[in-house]
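Participant: Need the 3D shape of this:
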Amino acid sequence: MDCLEFRRLVGIDPRVTDPAARAHLEACPRCQDAYARAQAFEARIAQALAVAVPEGLADRVLLTQLTGERRRRATGLRYGWIALAAAAAIVLAVGFIRREGALGRTLPDLVVEHITGDERDALKLRDAVPAEQVDKAFADRGVHLASVPAGISYVHKCPVGDYRTVHMVMPRDDRAVTVIYVTRYRAPGVATFERGALRGREVPIADGTLVMVGESTSSFDSLEHAWRDALLGPAQTAAGSP
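Facilitator: Here you go, the predicted structure:
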């Protein structure tokens, strides 16, 4: 197991129960640091989600239900609906707190965090991977490619937050450009973003969203065109299909 494989595994299973991963962890100081950061992050999430339940809440809910039942017999369903709505509001509020605590970041935020964190070593790769490997990664995500753009030095099926993606690196003019295709999510429209020294563009294509990130945007237009051909086919790209 190498460092990239270990760090991807940490993102899936922060406890690192795999024996091969544990053996790598014991021998690699850099991955020990990554593991410590992952544990600290998990601890922060656990702390954010540790919403204390008020004492006696269960008894009060039961009492409300019993009271609502008695009143419903006398005055119809009005009070029963109020109790039900209150219970639903509690569930929605807790769900919202949990979602915002863990997932309250935009897609560009999640992508930049992903490629500058445990996946940053992928930016150094320069040798092209076989087209069949790229095609298989997309097929495993349920996406058919009409063609495979040239010059992909890294490809992996990565989870980015809750999104299912294919993560690639495409070196251009000695600068690495990260290209991530997010499946089953279409951004509202083409948008650009900046995060520190990085520039990015997200483009809805087919049934997903293409996200490009790099220090320069000079190759974004050509890459977007290449991936439109790959995902839609040259004929549809020429016709201006979204």
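
Participant: Spell out, range by range, the helices that occur in the protein.
Facilitator: For the chain, applying DSSP state H gives helices covering 3-12, 19-27, 29-49, 57-75, 78-103, 107-116, 131-140, 220-232, 234-238.

Participant: quick one: which of those helices has the weakest pLDDT on average?
Facilitator: Ranked by mean pLDDT, the helices of the chain bottom out at helix 78-103, with a mean of 50.

Participant: Now for the residue nearest to Val177 when sequence neighbours are not counted: which residues touch it?
Facilitator: Excluding the flanking residues, the one nearest Val177 by C-beta to C-beta, 6 or more residues apart in numbering is Gly214, at 4.0 Å. C-beta: built from backbone N, CA, C; applies to glycine. The contact partners of Gly214, by C-beta atoms under 8 Å, 6 or more residues apart in numbering, come to Arg172, Arg175, Ala176, Val177, Thr178, Leu198, Arg199, Gly200, Phe220.

Participant: how deep is the fifth one tucked in, by neighbour count?
Facilitator: If I follow you right, that is Thr178. 24 (other C-beta atoms under 10 Å).

Participant: hmm, back to that, the residue nearest to Val177 and Asp174, how far apart?
Facilitator: According to C-beta to C-beta, to the nearest Å, Gly214 stands 11 Å off from Asp174.

Participant: Also Tyr185?
Facilitator: For Tyr185 relative to Asp174 (C-beta to C-beta), the value is 32 Å.

Participant: the domain parsing of the protein - what is it?
Facilitator: Split into domains by automatic domain parsing, the chain comes to 3-50, 57-102, 107-238.

Participant: most tightly surrounded among those?
Facilitator: Scoring these by mean neighbour count under mean count of other C-beta atoms under 10 Å gives domain 107-238 as the most buried, with a mean of 17.

Participant: before we move on, back to that, specify the beta-bridge partners of the residue nearest to Val177.
Facilitator: Arg199 (DSSP bridges).

Participant: ditto for Arg164
Facilitator: On the basis of DSSP bridges, Arg164 is bridged to Pro159.

Participant: Please name the residues that touch it.
Facilitator: Arg141, Lys157, Val182, Thr183, Arg184.

Participant: The second one contacts Val143, doesn't it?
Facilitator: Same thing as Lys157. No: Lys157 is beyond contact range of Val143, at 10.7 Å (criterion: C-beta atoms under 8 Å).

Participant: Please name the nearest non-neighbouring residue to Leu9.
Facilitator: Leu9's closest residue in space is Ala21 (C-beta to C-beta, 6+ apart), at 5.2 Å.

Participant: Just to check, the one you found is in contact with Cys3?
Facilitator: No: here Ala21 lies out of contact with Cys3, judged by C-beta under 8 Å, at a distance of 10.9 Å.

Participant: Roughly how far does Ala40 sit from Gly233?
Facilitator: The value you get for Ala40 to Gly233, if C-beta to C-beta is used, is 46 Å.

Participant: One more: Lys124?
Facilitator: 33 Å.

Participant: what do you get for Ala206?
Facilitator: Taking C-beta to C-beta, one finds Ala206 at 10 Å from Gly233.

Participant: Ok, Arg15 next?
Facilitator: Arg15 is 44 Å from Gly233, by C-beta to C-beta.
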